[in-house]
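Enquirer: Predicted model, plus sequence, below.
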Amino acid sequence: MREALCVKDLCKTYVTNKRQNNVLKNVSFTIQQGELVAVMGPSGSGKSTLLYSVSGMDRPTAGEVVLSGTRITDLKEKELAKVRLTSMGFIFQQMHMMKNLSIMDNILLPAYQADKSRSRQEINEFCLALMRKLGISDVAENDITEVSGGQLQRACICRSLINKPEIIFADEPTGALNRSASEDVMQELNKLNQEGTTIMLVTHDMKVAAKCSRVLYIVDGNIRGELAMDGPDSQEKQRERKLNNWLIEMGW
Amino acid sequence: MYFRILRKDLKRKKSINLILLIFIFLSTMFIAGSLNNFAVILNGVENFMNQSGIGDFLIVTMGGSSGELSENDREIEEFLKNQAQVEDYTADENLFFSKNQLKPGNGKTAVLDNMAILNPFDIRQQKFYDKENREITGMQDGMIYIGQRLAEKNHLNPGDQLKIQSEEGYEKEFQVAGELKDAFLGSDMMGTQRCVISQNDFQEMSEESGLLHGRLYSVSCRDAEAFQAEYNNCDFSEMFSCSRELVKTTYVMEMVIAAVILLVSICLMAISVIMLRFTIVFTINEDFKEIGIMKAIGIRDSSIRKLYIVKYFVMALTGALFGFAASIPFSRGLLMQVTEKIVIEEGGGSILFQLWISVLIVGVVVLFGYYSTGKIRKFSPMDAIRNGNSGERFRKKGIFQMKRSHLRATTFLAYNDVVSEFRKYLVLMLTSMIGVWLVVMPINSINTLSSEKIGAWFALTECDFYLHQEDKVSELMAQGTKQGWYDYLEECRERLEQDGIEVERAATEVYFKLRVRKGEKTYKSFAIQGFGTSPEQYFYDEGQPPIYENEIAMTHMVAKKIDAKLGDTVYITSGGEEKPYLLTALYQSMNNMGEGIRFTEKAELNYAEGAGGFGAQITLKQKPDKKELSEVTDRVQKLFPEAKVETTAEFIGSMIGDIAGRLEPLKLLILAVVIAINVLVVVLMQKMFLIRERGEMGMLKSIGFSDGALIGWQTKRIMLVLFAGIAAGTLTGTPFSELTAGRVFQMMGAEKIEFVLHPLEIYAAYPAALFAVTVLACVLAMRRVKHISVQEMNNIE
């Protein structure tokens, strides 16, 4: 299996009021292609900072991040933007979208910006197919204020997939959704993963993490442990129990 | 606690507060400065007349000697004493000197178009002012203040020497004390210039010099029009006479410049008001989230409003204070263009006025803040946190669909933003449109005034150059025969052809001041007769060119004065004899403020009554281009060293002053001001957008948009708005010129002026310059995009 993401000795330090705050301390881990990895940890442990640093959204202070064979820590801002546009998708906790565009246009935006090889018609058809798959094709023309939170988050997932990325990063993708919408979104992410998309997500939610193939536990900027979640998805309760026990062990 | 919150707020939201502060500053500077100019300029010429003490009617006569009145002057005095409409009058003695009697200290031949008047500085007719607007209240013997045109044309500066001498051998040397601001004879359109000297020097010259004597009457009337009508019925011999209203209209050039400044001021005020409103609304929207939080934690509405009103008051006060200070030099800088010839009221009054305007702006900002924060009472804490939006929307914001578009993503975003939120960009669009008007109007005026067409508007025939020999014209006028003029033209033709310059046509025009009557209505008008010209060489607006001896054409203005229509018979008095004439055509002329009667060549008039001549108008056989013409005029100047050789535009320029030349620097100043305002508006708007849209920019960065793409998006948006504004301004610029500058031309006597347009200049060069500089400023301002991080997306609304 090929490495989708390889992180070595990653450090991130913020300086506030002349005080140094080491949020990430020599973090190293690897994600193989086709994995669905959850990052868990208490508030302020550095989960989101880790996700932003490995995805190139933020520059780490030190360390190395290799994404699909490219050392993104060495890339210039323009090259990094291209990687974000073509090689990865990002799903945020808040459903950030352009307010003057419809749902479909928001999804199409990165594809129109990036793809010169596909025709506009191809892109449009692919977009509609994605929307159908995620069950939001009937709100394609709607304004972003005219749909529910769950529909909006699914639109965000569509947007993250429109350029057929190799990896998807998700920061609390269900954090702003109710239970039913959360389950729908996780179901879609699972389906995507089963189709071969690598996913790394940050979550607080044990139910979400239990659906992943591996869980990393981070405390004070260090990865304290990791748990491989083997066993079929149908044994949901068993997986949750296993994760729960492990988290208690970790001090959750 | 309020002040602690306020201090924190001012510190934390530095950028947006700074932008509001800058706009309050600029608005105060523009509005206070411009309104002051408005008030000063609007009555500028009238005030100058009042300040100088100009009477309702002025008469200049020639004749008499020191202490002795001529017969004509006695008759005028008698008339003035007995006229019922005369309230009071003054009479002052004056001396006349000509070009040959003036000897500048630099040894060069003097340049003087007409006879000049010499007066003591303390005549009763009016007060005089120096260049610094100080009234001349005393003069040393041996010093002389000279008219501005006389100083300019002879390159005379304070401290230079000049002599006035007479044929009788008298000579008096003077030192130039400075330039004179003279309400009666100081405008560019007044042919006669004036110099003032001390009372002792005047007395000496009056008695000993042998210079021509004359009188200057200034009449205060009960009813100026009725008096003028009575005066026109008399046949006094005069050098010239005119009403105070006509003197005022000779300041048309100042009025053109004043009109341009007024328009600039009005546009600046409009831009300021629009920008101020936009900025305040924007700032208050930025504050809504915090207002919501304060509401949520239970602070009362009135307390929240108090807090924000204190904030706006502090900012308005600071901005207005600096704006007031800056408005004083700003206002003076603009007024300097108008005060070259006239004295404009200055001092405490206008500063107080500007101060009041500044206070008013503070009030308006606070009131606006009060009104805008009033809305928070209606909102729940959550609405306020959502920046005043309830979340409900009844209409789709985005009008176009990207999936149906072939535009690039950033171009589509830009286009969609502008169409969806048009009001947000209206400020920039209006600013650009008004800016283009401001640039196009003076350019059209300058191009029109410097074009070849101008001759026709001054009712002159086309010719290659004017050969003006003042002495010869005076001699012909004294001779007083028609044949004398023909002989003179033949003489000119022969002299030119002897030198190898082939002449197609040598013509001239002689002018008179004659009384014209229809029924009971009379008017004393400028009248003209051409020799060597044919009727069809002139332009007429209505009717047929006069052909026969008893046919005439007249300007619309004279026809209105006596209520004459085409086909009417009017009566004109020449040489004491009143003859009937048939009015066959109407024309427009900017000569003599729209006055004019044109006789055919066949008409017989009393040529001894001629008031002057335009000199020989020469048309060459070779049809020269500009370069060839310049070579020919150089040769002619050598052949006639005593004459003035001028092209049509130069000739008109010497009659009315160089309007185009004086507008030229103003044009560049306005272009610079317009570009500066546009750049400022764009940079500040972009700064606001960078604050407001940092969330969206962060989000676009997160999905892979590069800094370049973001700059492209924002710049294309500004380009679209600028393009629309500039295009609208360019298309409406010429009608705007006709509405504004056209009115000024109307005041000069032209009923309808077709502007001479230089399409490359007004449709391409200037709009392109405005567009390019503003877009460049936008790109530079947008470089800040690099500092926006993906995390900013959490600030998205």
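Expert: Arrived safely.
Enquirer: What segments of the stretch 251-400 of chain B are helices?
Expert: Counting by DSSP state H, counting those that start in this stretch, the stretch 251-400 of chain B has helices at residues B:252-296, B:301-335, B:348-374, B:381-385.
Enquirer: now those helices in TSV, with distance to chain A?
Expert: Where C-beta positions appear, they are placed from N, C-alpha and C, glycine not excepted. Output for these, formatted as TSV (distance: least, CB to the nearest CB, whole Å):
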stretch	distance to chain A
helix B:252-296	14
helix B:301-335	26
helix B:348-374	22
helix B:381-385	14
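Enquirer: I'd like these as TSV, with mean neighbour count and mean pLDDT appended.
Expert: Output for those, formatted as TSV (neighbours: other CB atoms under 10 Å in any protein chain shown; pLDDT from 0 to 100):
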stretch	mean neighbour count	mean pLDDT
helix B:252-296	21	71
helix B:301-335	19	84
helix B:348-374	17	81
helix B:381-385	18	62
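Enquirer: Quick one: those helices as a markdown table, columns for distance to A:P60 too.
Expert: Output for the helices of the stretch 251-400 of chain B, formatted as a markdown table (distance: least, CB to CB, whole Å):
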| stretch | distance to A:P60 |
| --- | --- |
| helix B:252-296 | 32 |
| helix B:301-335 | 40 |
| helix B:348-374 | 44 |
| helix B:381-385 | 34 |
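Enquirer: Indicate which one of these is closest to A:D230.
Expert: Nearest to A:D230 among those is helix B:381-385 (45.4 Å), distances taken as CB to CB.
Enquirer: The helix or strand just after that closest one: which residues count as buried?
Expert: Downstream of helix B:381-385, the first helix or strand assigned by DSSP states H and E is helix B:409-420. Applying a neighbour-count criterion of 16 or more other CB atoms under 10 Å in any protein chain shown, one finds B:409-418, B:420 buried in helix B:409-420.
Enquirer: Quick check: phi and psi at the residue of the stretch 601-750 of chain B found nearest chain A.
Expert: Distances between the stretch 601-750 of chain B and chain A by CB to the nearest CB are smallest at B:G704, namely 2.4 Å. When read as degrees, to the nearest 10, the backbone of B:G704 gives phi 110, psi 10.
Enquirer: Let me see the contact set for the nearest residue to it once chain neighbours are set aside.
Expert: Closest residue to B:G704 apart from its sequence neighbours, by CB to CB, 6 or more residues apart in numbering or on different chains: A:L85 at 2.4 Å. Counting by CB atoms under 8 Å, 6 or more residues apart in numbering or on different chains, A:L85 makes contact with A:110, A:113-114, A:163, B:703-705.
Enquirer: For those residues, point out the one with the lowest pLDDT.
Expert: The lowest pLDDT within those belongs to A:A114, with 86.
Enquirer: Just give the closest residue to that one, not the sequence neighbours.
Expert: Counting by CB to CB, 6+ apart, the nearest residue to A:A114 once its immediate chain neighbours are dropped is A:L85, at 4.6 Å.
Enquirer: what pLDDT does that neighbour get?
Expert: In this model, A:L85 is scored at 90, pLDDT.
Enquirer: Then A:V7?
Expert: 94.
Enquirer: next one: B:Q479
Expert: 84.
Enquirer: For it, list the residues it contacts.
Expert: Per CB under 8 Å, 6+ apart, neighbours of B:Q479: B:Y607.
Enquirer: Just read off the phi/psi values of it.
Expert: According to degrees, to the nearest 10, B:Q479 has phi -60, psi -40.
Enquirer: Which helix or strand contains A:I107?
Expert: Here A:I107 is assigned to helix A:103-114, by DSSP H and E.
Enquirer: The next helix-or-strand element following that helix - what's its average pLDDT?
Expert: Next helix or strand after helix A:103-114 toward the C-terminus (DSSP H and E): helix A:120-133. For helix A:120-133, the mean per-residue pLDDT is 90.
Enquirer: And for stretch B:162-177?
Expert: 90.
Enquirer: Now it: buried residues?
Expert: B:162, B:164-166, B:172, B:174, B:176-177.
Enquirer: How far does that stretch stretch from one end to the other?
Expert: Start and end residues of stretch B:162-177 are separated by 11 Å (CA to CA, to the nearest Å).
Enquirer: Give me the distance from it to the chain's centre.
Expert: 37 Å (CA atoms, centre = their mean, to the nearest Å).
Enquirer: Skipping adjacent residues, who's closest to the residue in the stretch 151-252 of chain A that chain B sits nearest to in space?
Expert: Closest contact between the stretch 151-252 of chain A and chain B, by CB to the nearest CB, is at A:R159 (6.8 Å). Leaving out its chain neighbours, the residue that sits closest to A:R159 by CB to CB, 6+ apart is A:I107, at 4.6 Å.
Enquirer: What helix or strand is the residue of chain A found nearest chain B located in?
Expert: Closest approach between chain A and chain B, counting by CB to the nearest CB: A:L85, at 2.4 Å. A:L85 belongs to helix A:77-86 when assigned by DSSP H and E.
Enquirer: Then A:I31?
Expert: Using DSSP H and E, A:I31 sits in strand A:19-32.
Enquirer: So which of the buried residues of stretch B:162-177 is the closest to chain A?
Expert: B:V176 (68.9 Å).
Enquirer: dump the residue contacts of the closest one.
Expert: Here B:V176 is in contact with B:143-146, B:151, B:156-162 (CB under 8 Å, 6+ apart).
Enquirer: how about 6 Å then?
Expert: For B:V176, the contacting residues are B:156, B:158, B:160, by CB atoms under 6 Å, 6 or more residues apart in numbering or on different chains.
Enquirer: ok, it to A:S48 distance?
Expert: Distance of B:V176 to A:S48, given as CB to CB, to the nearest Å: 83 Å.
Enquirer: How is chain B partitioned into domains?
Expert: B:47-252, B:399-453+B:658-797, B:465-646 (automatic domain parsing).
Enquirer: now the longest one: how far from the chain's centre is it?
Expert: When distances are taken as CA atoms, centre = their mean, domain B:47-252 is centred 27 Å away from the chain's centroid.
Enquirer: Output stretch B:19-27 as CSV, restricted to C-alpha atoms.
Expert: Taking C-alpha atoms only, stretch B:19-27 is exported to CSV below (Å, rounded to 0.1, in the frame of the first residue of the first chain):
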residue,chain,number,x,y,z
ILE,B,19,-11.0,54.5,7.2
LEU,B,20,-14.0,56.2,8.7
LEU,B,21,-11.7,58.9,10.2
ILE,B,22,-10.1,59.5,6.8
PHE,B,23,-13.5,59.8,5.1
ILE,B,24,-14.8,62.2,7.7
PHE,B,25,-11.6,64.2,7.3
LEU,B,26,-11.8,64.3,3.5
SER,B,27,-15.6,65.0,3.5
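Enquirer: pLDDT weak spots in the stretch 51-200 of chain A?
Expert: A:115 (pLDDT under 70).
Enquirer: Show me which residues of it are close to chain B?
Expert: By CB under 6 Å from any CB of the partner chain, the residues of the stretch 51-200 of chain A that approach chain B are A:57, A:78, A:81, A:84-85, A:90, A:96, A:100-102, A:105, A:108-110, A:112-113, A:124, A:143, A:145.
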